[in-house]
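> Sharing a model prediction with you, sequence too.
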Amino acid sequence: MGLSETLANYFDVHKHGSTVRTEILAGITTFLTMSYIVVVNPSILTDQPFIDGVDGIAIAGYAPGEVQSMLAVVTILAAAVATLTMAFYANRPFAQAPGLGLNAFFAFTVVGALGVPWQTALAAVFVEGIIFIALTAVGAREAIIKVFPEPVKLAVGTGIGLFLTIIGLQAMGIVVNDAATLITLGNLASSPVAMISIVGLFLTFGLYAAGIPGSIILGIIATTVLGWGLTTGGIVSPDAGLVAGSSAATYDITPLVGAFIGGFGNVEAFSFALIVFTFFFVDFFDTAGTLVGVGQVAGFLDEDGDLPDIDKPLMADAIGTTVGSMLGTSTVTTYIESATGVEEGGRTGLTALVVAGLFIASLALVPLATAVPLYASHIALVVIGVVMLRNVVDIAWDDITHTIPAGMTILVMPFTYSIAYGIAAGIVSYPLVKVAAGDYEDVSAGQWALAVAFVIYFVVRTSGMLQAQV
């Protein structure tokens, strides 16, 4: 029996109406569309010295570029472990890696706004990963996801898209702070970073629209090369910020591995519980929304908008999150880009196995991750954010009891710079508008419980309790 037949039998490829060749091509397609995370995740998680305050991981004795290369290695390993679990345990064509949005929440909200040490933030991710493993094992996580109100469930992806977009536009200098209007358009014509970012962004949009595999990573590379060429050619001043700071890359991840253990001793029990509470809600419903979003794009959802047998993909996610926190990265989740592989015909875990293998092979390219400047890497956030807006068409906008919770979910996320706030706003508003419309029977006891839980969440996050304890 040859390797091809062995793989086909193990993953039931033919039973799912696919072929080994199709699954391999689907895996390559998925990897190319999500490979940008190897560059983008380290960029988001690494504390940038030119940003006021601490927003991410900073390690004494190591330059930001070195920390970025460590995080690139960790990103690859976490993605490989989670996606291998998806392949062999869930037999699904979904790929996983540290999630966009969740890494921003880790760096900008927990570490940045709340001032929590990054080691403690990793400890919180580890604890919620263990909780998710337990909840998934007993089927509770799948049951809770089914309680998730449909309009909120369909709106999560769009809200996250807007959240990622504003982060990316800020890093690119296209959107800047304004004392009068909070945000405004940057000085595009006088900012080399903004001008090059715009060129790179529309180049990437063009490649993406043309259906070219790997369009995002190609756009990032082209933008980086353009910035480097203009700087080295003397056209733009070296201090314009078009070139990433040089530093030696390193594969030594020992400063990150196990760092979460030290995080358990940095805060009091109550404050740590509140941090875990925050991560729990953000991760729980962000993952649910992303999984449903992938299923939505791939056509895997049933008539109720649920993903059948979601427990196994959820377990792969929980294991990936736990292992990732132990290695030193933020929450791992399923990628919407998995849908590109599904559209290429991928139907089994063999697709995921190919993705995992390509992630491992990409370890050879880690030194290149430190050569990509922040503005170039964040092109990915804008492109993916815009693409995620398309899921908004599935919301029943003609039903006001769906319009309000969906609209609140979508709008509150970018306006408050928090995925958690958006989800909470949607879930709290859902039973209220249903009751006001007289549709009492449409609200389950579980949805009322979620609404109450999120009211408590709002109180915890906005009363100063968390900041006071850190």
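Perfect, I can see it now. Numbering: from 1, shown residues only.
> Now find how far off-centre stretch 34-43 is within its chain.
Relative to its chain's centre, stretch 34-43 lies at 10 Å (C-alpha atoms, centre = their mean, to the nearest Å).
> Other residues contacting that stretch?
Stretch 34-43 has contacts (C-beta atoms under 8 Å, 6 or more residues apart in numbering) with 67-72, 75-76, 79, 95, 97-98, 100, 103, 214, 216-217, 220, 329-330, 335, 337-338, 355, 358-359, 362, 365-366, 368-369, 372, 374, 377-378, 380-381. Backbone N, C-alpha and C define where each C-beta goes, glycine included.
> Mind checking which of those are buried?
67-72, 75-76, 79, 95, 97-98, 100, 103, 214, 216-217, 220, 329-330, 335, 337-338, 355, 358-359, 362, 366, 368-369, 372, 374, 377-378, 380-381 (16 or more other C-beta atoms under 10 Å).
> In helices, which of the contacts of stretch 34-43 appear?
67-72, 75-76, 79, 103, 216-217, 220, 338, 355, 358-359, 366, 368-369, 374, 377, 380-381 (DSSP state H).
> what's the next secondary structure element after the longest helix along the chain?
Ordering each helix of the chain by length in residues (DSSP H) puts helix 269-298 first. Downstream of helix 269-298, the next assigned helix or strand under DSSP states H and E is helix 311-327.
> Pull out the buried residues from that following helix.
For helix 311-327, by 16+ other C-beta under 10 Å, it's 311-327.
> quick one on the thing from earlier: what separates the longest helix of the chain from the chain centre, distance-wise?
Using C-alpha atoms, centre = their mean, the offset of helix 269-298 from its chain centre is 11 Å.
> can you pull out the strands in the stretch 1-150 of the chain?
96-98 (DSSP state E, counting those that start in this stretch).
> Could you list the low-pLDDT ranges of it?
For the stretch 1-150 of the chain, the stretches with pLDDT under 70 are 1, 49-54, 142.
> Quick one: the helices in it, in order.
For the stretch 1-150 of the chain, the helices defined by DSSP state H, counting those that start in this stretch occupy 3-10, 20-34, 37-45, 64-85, 102-104, 118-137, 140-147, 150-171.
> Would you mind giving those as JSON lines with distance to residue 349 added?
Below are these laid out as JSON lines (distance: least, C-beta to C-beta, whole Å):
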{"stretch": "helix 3-10", "distance to residue 349": "9"}
{"stretch": "helix 20-34", "distance to residue 349": "9"}
{"stretch": "helix 37-45", "distance to residue 349": "20"}
{"stretch": "helix 64-85", "distance to residue 349": "9"}
{"stretch": "helix 102-104", "distance to residue 349": "24"}
{"stretch": "helix 118-137", "distance to residue 349": "17"}
{"stretch": "helix 140-147", "distance to residue 349": "19"}
{"stretch": "helix 150-171", "distance to residue 349": "24"}
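> what's the closest of these to residue 238?
helix 64-85 (16.3 Å; C-beta to C-beta).
> by contact count, what packs against the closest one?
In terms of contacts (3 or more C-beta pairs under 8 Å, 6 or more residues apart in numbering; DSSP states H and E), helix 64-85 is packed against helix 37-45, strand 96-98, helix 311-327, strand 332-334, helix 349-361, helix 366-369.
> List the contacts of the spatially closest residue to residue 258 that is not a sequence neighbour.
Take residue 258 and drop its neighbours on the chain: the residue closest to it by C-beta to C-beta, 6 or more residues apart in numbering is residue 326, 6.7 Å away. Neighbour list for residue 326: 126, 257-258, 260 [criterion: C-beta under 8 Å, 6+ apart].
> Deepest-packed of the helices of the stretch 1-150 of the chain, please.
The highest mean neighbour count among the helices of the stretch 1-150 of the chain, using mean count of other C-beta atoms under 10 Å, belongs to helix 37-45: a mean of 28.
> So what's the gap between that helix and the chain middle?
Going by C-alpha atoms, centre = their mean, the spacing between the C-alpha centre of helix 37-45 and its chain's C-alpha centre is 10 Å.
> do stretch 416-426 as well
Worked out by C-alpha atoms, centre = their mean, stretch 416-426 lies 15 Å from the chain centre.
> List of residues touching that stretch?
101-102, 105, 108-109, 149, 151-152, 155-156, 159-160, 163, 166, 278, 281-282, 285-286, 289, 405-406, 408-413, 454, 457-458, 461.
> Next: stretch 274-285.
Outside stretch 274-285, the residues that reach it (C-beta under 8 Å, 6+ apart) are 102, 105, 110, 114, 116, 120-121, 124-125, 127-128, 131-132, 141, 144, 148, 156, 267, 321, 331, 333, 419-420, 423-424, 454, 457, 460-461, 465-466, 469.
> Average pLDDT for it, rounded please.
Averaging pLDDT along stretch 274-285 gives 74.
> How about stretch 410-418?
pLDDT averaged over stretch 410-418 gives 86.
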